[in-house]
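**Student:** take this sequence and fold it.
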Amino acid sequence: MQNLILASTSTVHGQGYLEYLKPTLKTFFSGVRELLFVPYARPGGITHEEYTAHAEKFFAQLDIAVVGLHTFKDPALAIKNAQAIFTGGGNTFVLVNALNQNGQMAALRAKLFRGTPYLGTSAGTNICGVNMQTTNDMPIVYPPSFKTLGMIPCNINPHYLDPIAGSTHMGETRQTRIEEFHSQNSIPVIGLREGSWLAVSGESIVLKGPHSARLFKQHSSPKELPTDTAIQSYL
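**Tutor:** Numbers count the residues shown, from 1 in each chain. Model prediction:
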């Protein structure tokens, strides 16, 4: 019985960290007193301690304490005992590589399938798909597998960007990259725009936030799904 919020981003333009999600998270984490934070996705420029402190500052507003997964000698046991879990954004390759150490990926998967409340942003959202192959991140490390948690029967492309009208940029669009993925893979992909998220409860996957999402399926034209759509019926 998955119980997840999978957000495209932690911060939208003009707002503070997780500010746009604050009303939702207040309800979602109701009754939670301590949150386990997974800081592994940030590969440089900020330490795990600094990243955890960033999350701690926000969740203090909700009267929720935050403890970093990196502080435990037995991370898999910490995951097993967690009241709730948040995985922040960064580089998905780095995150997946780290979670595959010491059985953390398996422990996290088992924990989330038992219904533990989970928040993912960006890379933390990517890992809830079937695999990480629709991430926007550069492969700066080589994880042992691209397989991820499989909490939902599709992949996500966070930070989805539409082509800019009149742009002279000749590089591939996000849609082109996803179509390249579908030349080799049949897994559906949800292009999740900034400020939107998926609310997952059991088999229900509902799009929330101010924007539509774009659903890509192999051998099909992309489909726009308005907010509040029950996405699982389209997969």
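
**Student:** next, the contact list for the residue nearest the centre of the chain, please.
**Tutor:** What sits nearest the mean C-alpha location of the chain, by CA atoms, centre = their mean, is T125, with 0.9 Å. Contacts for T125 (CB atoms under 8 Å, 6 or more residues apart in numbering) come out as L6, A7, S8, G89, I156, P158, L192, L198. (C-beta placed from N, C-alpha, C; glycine too.)

**Student:** quick check: the third one touching L198?
**Tutor:** No: shown here, S8 and L198 do not form a contact pair, counting by CB atoms under 8 Å, at 9.1 Å.

**Student:** what residues are shared contacts of the two?
**Tutor:** T125, L192.

**Student:** before we move on, back to that, ok so the residue nearest to the centre of the chain is a helix residue?
**Tutor:** Yes: counting by DSSP: H, G, I helix; E, B strand; the rest coil, T125 falls inside a helix.

**Student:** name the nearest residue to it, sequence neighbours excluded.
**Tutor:** For T125, ignoring the flanking residues on the chain, the nearest one in space by CB to CB, 6 or more residues apart in numbering is L6 at 4.2 Å.

**Student:** can you report how many residues lie near the residue lying closest to D63 once chain neighbours are set aside?
**Tutor:** Of all residues not flanking D63 in the chain, R33 sits nearest, at 7.8 Å (CB to CB, 6+ apart). When neighbours are counted by other CB atoms under 10 Å, R33 registers 10.

**Student:** which stretches of the chain form helices?
**Tutor:** 22-28, 48-59, 75-81, 92-99, 104-112, 123-126, 174-182 (DSSP state H).

**Student:** okay, those, which one's buried deepest?
**Tutor:** Comparing the helices of the chain by mean neighbour count (mean count of other CB atoms under 10 Å), helix 123-126 ranks first with a mean of 28.
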